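Trainee: I'd like to go over a predicted model; first the sequence, then the structure.
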Amino acid sequence: MAAAKSSKPHRSPYSPALGLRLLLLAGLSILLQYVDHRDNHLDTLRKAIGATVYPLRVIVDAPVSAWRWFDETTTSRNDLQLENSRLRAERLLTQARLQRYAALEAENARLRAMLEARSRVRAQVRVAEIMSVSANPFRHVMVVDKGTSDGVYDGQAVVDAEGVVGQVIEAGVASAQCLLISDPGHDLPVEVNRSGLRTIARGTGDYNSLDLPFLPNNADIEPGDLLVTSGLGGAFPRGYPVAVVETVTRLPQEPFADVTARPSAALNQVREIMLIWSDDDEEAAEEPAADDVEEPADDDSVQNESDNDQAAEDQPTDNAESAEETDSAGNTGEEDAGE
């Protein structure tokens, strides 16, 4: 009996019950989430924690980087020679393509000058490496090694050598989180490069598929069409490749067709990305200021308006004179008939 009583755990009369503690912690969590979602009070704390955890990310990535460096340094000489030959051939092809693009760019500039159109400023880019990828299958987020100290900002466009990858959703001091276009919560304004048809590309949770949910059955779109950014919304510059249409299923009983596309970029294999800085927003801010300036009226237009007013004033007088002449002619005819 005494042994059984002594083995019983001692509980302080002042400690709250386990259920009450769980309820208090749950209430505190809900309150913190509401305050953070409404006023972003914890944004500074989150960025500070991200800056603190950054060295740990570097340490965790160190073994992989060391192994990659060791593998590259121990590559055989034959493999290096083969790769060097292949890179030289690709370099020659790239230079030939650049020469053709340079000629097209010069021709485009001449045509713009003839149309008195302002040439667009080329976007600036910066290469960044991927540090980690989210393990959540329903959240396609990756972390890159560039942050606000490098000029990165929230909403910035992210591309690679093949096409659009995503955009920055949270920029820290030395790193940034990027949301991929395949995420179910990401919508991207696109247009069909062949026909100019504009629509929205939505992520499906699959790295190799995008959904175009707002296209009617009679939309001018076919399998194989290239989708590019339309530039609407201001986040992505216009003209960057996004995806290629794979399937178009027209459903007569439904208002919209079932259209899927395959992203141009290999979203689950990308290692390096490019962050884009564009000056389109600055140009858009300058154009309204120029439109607000009213042009002075020409002397010819003023003279035409005064002539029209004078003609309107003289018209009643001319009508009255013609009426008097008609009356006099009628009276003369009556007198001749009487005689």
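Mentor: In hand now; what should we look at? Residues are numbered from 1 along each chain as shown.

Trainee: can you map out the helices along the stretch 1-150 of the chain?
Mentor: For the stretch 1-150 of the chain, the helices defined by DSSP state H, counting those that start in this stretch cover 2-7, 18-39, 43-73, 77-114.

Trainee: mean pLDDT and distance to Gly172 for the ones you listed - can I get that in JSON lines?
Mentor: C-beta coordinates here come from the backbone N, C-alpha and C atoms, glycine included. Formatted as JSON lines, the helices of the stretch 1-150 of the chain follow (pLDDT from 0 to 100; distance: least, CB to CB, whole Å):
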{"stretch": "helix 2-7", "mean pLDDT": "50", "distance to Gly172": "52"}
{"stretch": "helix 18-39", "mean pLDDT": "82", "distance to Gly172": "16"}
{"stretch": "helix 43-73", "mean pLDDT": "84", "distance to Gly172": "4"}
{"stretch": "helix 77-114", "mean pLDDT": "79", "distance to Gly172": "35"}
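
Trainee: what about stretch 124-142, how long is it end to end?
Mentor: End-to-end span of stretch 124-142 (CA to CA, to the nearest Å): 22 Å.

Trainee: low-confidence bits of the stretch 201-339 of the chain, can you list those?
Mentor: Scanning the stretch 201-339 of the chain for pLDDT under 70 picks out 279-339.

Trainee: how about the helices in it?
Mentor: In the stretch 201-339 of the chain, the segments counted as helices under DSSP H, counting those that start in this stretch are 280-291, 299-338.

Trainee: returning to that earlier point: output the helices of the stretch 1-150 of the chain as TSV; include the columns mean neighbour count and distance to Leu267.
Mentor: Shown next, in TSV, are the helices of the stretch 1-150 of the chain (neighbours: other CB atoms under 10 Å; distance: least, CB to CB, whole Å):
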stretch	mean neighbour count	distance to Leu267
helix 2-7	7	59
helix 18-39	10	28
helix 43-73	12	20
helix 77-114	10	23
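
Trainee: Throw the ones you listed into a markdown table and include distance to Ala201, thanks.
Mentor: Formatted as a markdown table, the helices of the stretch 1-150 of the chain follow (distance: least, CB to CB, whole Å):
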| stretch | distance to Ala201 |
| --- | --- |
| helix 2-7 | 66 |
| helix 18-39 | 27 |
| helix 43-73 | 29 |
| helix 77-114 | 26 |
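
Trainee: Leu180 is nearest to which of these?
Mentor: Ranking the helices of the stretch 1-150 of the chain by proximity to Leu180 (CB to CB) places helix 43-73 first, at 19.0 Å.

Trainee: for that closest one, name the packing helices and strands.
Mentor: Helices and strands touching helix 43-73, by 3 or more CB pairs under 8 Å, 6 or more residues apart in numbering; DSSP states H and E, are strand 124-133.

Trainee: quick one: distance of the strand it packs on to the chain centre.
Mentor: Distance of strand 124-133 from the chain centroid (CA atoms, centre = their mean, to the nearest Å) equals 17 Å.

Trainee: buried ones in that strand?
Mentor: Ala128, Met131 (16 or more other CB atoms under 10 Å).

Trainee: need the contact partners of that strand.
Mentor: Here strand 124-133 makes contact (CB atoms under 8 Å, 6 or more residues apart in numbering) with 57, 61, 141-146, 150-151, 159, 175, 270-278.

Trainee: how far off helix 43-73 does that strand point, in degrees?
Mentor: Orientation check (axes from the mean of the first three to the mean of the last three CA atoms, to 10 degrees): strand 124-133 against helix 43-73 gives 90 degrees.

Trainee: quick one: average pLDDT of strand 124-133?
Mentor: Mean pLDDT, computed over strand 124-133, is 88.

Trainee: so what strands line up beside that strand?
Mentor: When pairing is defined by DSSP bridges, strand 124-133 lines up against strand 141-144 (antiparallel), strand 272-277 (antiparallel).

Trainee: can you redo those strands as CSV with distance to Val165?
Mentor: Converted to CSV, the strands paired with strand 124-133 look like this (distance: least, CB to CB, whole Å):
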stretch, distance to Val165
strand 141-144, 9
strand 272-277, 5
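
Trainee: could you export these as JSON lines, including mean neighbour count and distance to Leu98?
Mentor: Below are those laid out as JSON lines (neighbours: other CB under 10 Å; distance: least, CB to CB, whole Å):
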{"stretch": "strand 141-144", "mean neighbour count": "20", "distance to Leu98": "27"}
{"stretch": "strand 272-277", "mean neighbour count": "18", "distance to Leu98": "17"}
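
Trainee: tell me which of the ones you listed sits nearest to Tyr101.
Mentor: Among those, the nearest to Tyr101 by CB to CB is strand 272-277 (17.7 Å).

Trainee: name the residues that touch that closest one?
Mentor: Here strand 272-277 has contacts from 123-130, 144, 146, 151-152, 156-160, 165, 168, 178, 237, using CB under 8 Å, 6+ apart.

Trainee: before I go, just wanted to say thanks for your time.
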